[in-house]
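S.K.: structure for this input, please:
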Amino acid sequence: MSKRWKIFALLVASGTIWIFVSFGWSSRPGISSPMAAPITPASNTGKLKRSMKLDENGKYLPFYGYTALCMVEHPPSFGRQIEDFIRSSSLGRFYAALPHDTYHVTIFNIYTIQYQTIPPVERWVKEKGGVIPNNSWLPEYVLHKQHVQATNLLAAVTPSFPIETVEFRTPSDYAGLSILVTALHPDFNHEITQLREKLGTIYEHDDPGLAKMGFHITLAYAYKQLQISDQVSQDLNILSDMVQKFVEFRLINHGVYLYDSMTNFILWTDRKN
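M.R.: Residues are numbered from 1 along each chain as shown. As a prediction, this is how the structure comes out:
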């Protein structure tokens, strides 16, 4: 399969443009390897299932939740180049570029208000008569104790670590274009493994979605079914070359973050102290 057709195959029916991130966990139970057999255009022509995160015109919608993540430290000029290229190239007809200052790696998906429920929130609803909002975060006290514990754990993590390699990949259950990013320091692997286990105890769930997808950096979400063309292939190859520069950057600012859309992440702080 040629490079051009490999890239076509990865993007047909895709919902995202991703950079995939591995911390050397491919053999760990519950974490699937991001490597997958090539998807051919003929076998992957399903209709796009657009995310609730954006509308049919590529406008990002209100979308509330909480997550534990680390940000990608990169020169703003580089991030703008990636963002502007996705927006101005043929890819922009199908993908909505995310702001470059939101590039991050999720460590643990805590709670997405419109997608899921978790035991601490269920207890609040059942025992306190709480009502889960559709267009805002939960009242501060609902997950305050958990956020404090998680923040303390994240503060103890190695404050900065490198991205060592990048390579386009696609996970087995998703047709998104992705780049495998590997940070293989053994101490850090052990640290993140323990951290996810502790966060699972704090929030009373094991975050199976991230375990299934693998670690990644999202560059854009799809709002329209991809139409394959020579120009799209050319632009994907250009983007593939551009993102190789991620090996020069580091992951920093680990913490609990709130988001009200995929374009805005806010570091949680304990306002009681």
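S.K.: please enumerate the strands of the stretch 151-273 of the chain.
M.R.: For the stretch 151-273 of the chain, the strands defined by DSSP state E, counting those that start in this stretch occupy 161-162, 165-169, 178-182, 215-222, 250-261, 264-267.
S.K.: dump those strands into JSON lines; add distance to Met242 and mean pLDDT as well.
M.R.: Any C-beta I mention is one placed from the backbone N, CA and C, and that applies to glycine too. Listed next are those as JSON lines, based on distance: least, C-beta to C-beta, whole Å; pLDDT from 0 to 100:
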{"stretch": "strand 161-162", "distance to Met242": "19", "mean pLDDT": "84"}
{"stretch": "strand 165-169", "distance to Met242": "10", "mean pLDDT": "68"}
{"stretch": "strand 178-182", "distance to Met242": "10", "mean pLDDT": "59"}
{"stretch": "strand 215-222", "distance to Met242": "10", "mean pLDDT": "85"}
{"stretch": "strand 250-261", "distance to Met242": "18", "mean pLDDT": "96"}
{"stretch": "strand 264-267", "distance to Met242": "23", "mean pLDDT": "98"}
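S.K.: can you redo those strands as JSON lines with mean neighbour count and distance to Ser240?
M.R.: Shown next, in JSON lines, are the strands of the stretch 151-273 of the chain (neighbours: other C-beta atoms under 10 Å; distance: least, C-beta to C-beta, whole Å):
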{"stretch": "strand 161-162", "mean neighbour count": "18", "distance to Ser240": "21"}
{"stretch": "strand 165-169", "mean neighbour count": "19", "distance to Ser240": "6"}
{"stretch": "strand 178-182", "mean neighbour count": "24", "distance to Ser240": "8"}
{"stretch": "strand 215-222", "mean neighbour count": "24", "distance to Ser240": "12"}
{"stretch": "strand 250-261", "mean neighbour count": "19", "distance to Ser240": "21"}
{"stretch": "strand 264-267", "mean neighbour count": "14", "distance to Ser240": "26"}
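S.K.: and those strands: which comes nearest His144?
M.R.: Ranking these by proximity to His144 (C-beta to C-beta) places strand 250-261 first, at 10.9 Å.
S.K.: relative to that closest one, what are the paired strands and their orientations?
M.R.: strand 65-73 (antiparallel), strand 161-162 (antiparallel), strand 264-267 (antiparallel) (DSSP bridges).
S.K.: make CSV out of those and add distance to Ala222.
M.R.: Listed next are those as CSV, based on distance: least, C-beta to C-beta, whole Å:
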stretch, distance to Ala222
strand 65-73, 20
strand 161-162, 30
strand 264-267, 20
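S.K.: on that earlier part again, can you list the strands of the stretch 151-273 of the chain in CSV and add distance to Glu140?
M.R.: Formatted as CSV, the strands of the stretch 151-273 of the chain follow (distance: least, C-beta to C-beta, whole Å):
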stretch, distance to Glu140
strand 161-162, 31
strand 165-169, 38
strand 178-182, 34
strand 215-222, 27
strand 250-261, 10
strand 264-267, 13
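S.K.: quick one: closest of those strands to Thr67.
M.R.: That would be strand 250-261 among those, by C-beta to C-beta, at 5.5 Å.
S.K.: show me which positions of stretch 233-246 end up buried.
M.R.: Neighbour counts over stretch 233-246 (16 or more other C-beta atoms under 10 Å) mark 233, 235-236, 239-240, 243, 246 as buried.
S.K.: about what we covered before: quick check: which of the strands of the stretch 151-273 of the chain is nearest to Leu199?
M.R.: That would be strand 250-261 among the strands of the stretch 151-273 of the chain, by C-beta to C-beta, at 9.4 Å.
S.K.: could you check the angle strand 215-222 makes with that closest one?
M.R.: Between strand 250-261 and strand 215-222, the angle comes out at 40 degrees (axes from the mean of the first three to the mean of the last three C-alpha atoms, to 10 degrees).
S.K.: neighbouring contacts of strand 250-261?
M.R.: For strand 250-261, the external contacting residues (C-beta atoms under 8 Å, 6 or more residues apart in numbering) are 53, 60-73, 105, 107, 110, 137, 147, 150-151, 154-155, 157, 159-163, 183, 265-268.
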